[in-house]
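Student: Please work out how this folds:
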Amino acid sequence: MTITAGSAAISTWTTTVTVTSPQKVSSTWNGTPTWDSSGSVMTMKPSGNGSLAAGASTSFGFTVMKNGSTAAPVLGSCTAS
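Tutor: Predicted coordinates for the structure are as follows:
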């Protein structure tokens, strides 16, 4: 996934990803994940401070174990400040 700052710089970002049970996120990179109590909603925050200059971008990734479900993960909110 790629996060891109708009016309103004941002100091940090956060985004959510929802997987369908019984799927599970098995690995992540370039971010720090946390999960809600159901284990199906992952909130990804930047590793480090998350600052991006205007127009700059960064990326993070994750791997999902299907566990029999073929549903695609759903990207939720993406917030920046």
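Student: So for the protein, the centremost residue is which one?
Tutor: The centroid of the chain falls nearest to Met44 when counting by C-alpha atoms, centre = their mean (3.9 Å).
Student: residues contacting that one?
Tutor: Applying C-beta atoms under 8 Å, 6 or more residues apart in numbering to Met44 gives the contacts 1, 14-17, 28, 31-33, 60, 62. Using the backbone N, CA and C atoms, a C-beta is placed for each residue, glycine as well.
Student: Could you export those as JSON lines, including distance to Gly48?
Tutor: Shown next, in JSON lines, are the contacts of Met44 (distance: C-beta to C-beta, whole Å):
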{"residue": "Met1", "distance to Gly48": "17"}
{"residue": "Thr14", "distance to Gly48": "14"}
{"residue": "Thr15", "distance to Gly48": "16"}
{"residue": "Thr16", "distance to Gly48": "19"}
{"residue": "Val17", "distance to Gly48": "20"}
{"residue": "Thr28", "distance to Gly48": "14"}
{"residue": "Gly31", "distance to Gly48": "10"}
{"residue": "Thr32", "distance to Gly48": "9"}
{"residue": "Pro33", "distance to Gly48": "14"}
{"residue": "Phe60", "distance to Gly48": "12"}
{"residue": "Phe62", "distance to Gly48": "18"}
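Student: The strand or helix carrying the residue nearest to the centre of the chain - what's its average pLDDT?
Tutor: Applying DSSP states H and E as the criterion places Met44 in strand 41-45. The pLDDT scores in strand 41-45 average 94.
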